[in-house]
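1. can you look at this prediction? I've put the sequence above it.
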Amino acid sequence: MSKTLFLALLVAALGYGAYQKLYKKPAESSAQLYHGYEVLEASHPAYFGTKEPGGVVLRLKPETSAGLAKLSGSANVVMFATAWCPYCAQARQVFGRNGVRFAELDVERDLEAKRFLEETMGMSGFPIIVIGNRLTAGFDEGQILASLKEL
């Protein structure tokens, strides 16, 4: 092989190595972790997501959790609900069967809770259940039980 071709290949290889170091992300992810799970950016400022084995989990950011604590008396489990909602009744039954104490915020009677749910959290409907900082929209017994395991 000629010296010129050898030098050209060497320069190309060195150039590619420099490119890899300067411009490409390393194979090891520099993603933020939350309890060992990759943190995902959410489109709403009140939340972040975590990529977990069962799928993405929506979680309240600390400032949103602090606002909710003011409404709920710092309860670890909070449900935005109505008295007549059948899915809210199912959630109450799950909590009862599992001996879970929770704060219930009736969005028809508590205008401050309704405003927080709609304006701060950007949600409507019910039940909206927050366990720790983990959010479940609607009734999903599997998600509720998975969230309770984190407490």
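-> It's in.
2. lowest mean pLDDT among the helices and strands of the chain, which one is it?
-> Ranked by mean pLDDT, DSSP states H and E, the weakest helix or strand in the chain is helix 3-23, scoring a mean of 41.
3. after that one comes which helix or strand?
-> Per DSSP states H and E, the first helix or strand lying C-terminal to helix 3-23 is strand 33-34.
4. buried ones in the helix or strand just after that following strand?
-> Per DSSP H and E, the first helix or strand lying C-terminal to strand 33-34 is strand 37-41. By 16 or more other C-beta atoms under 10 Å, the buried positions in strand 37-41 come out as 37, 40. No exception for glycine: its C-beta is placed from N, CA and C like everyone else's.
5. cool, stretch 137-146 as well?
-> 137, 139-140, 143-144, 146.
6. out of these, which are inside helices?
-> 143-144, 146 (DSSP state H).
7. tell me where the chain is predicted with low confidence.
-> 1-30 (pLDDT under 70).
8. how does it look with 50?
-> Along the chain, the model assigns pLDDT under 50 to residues 3-28.
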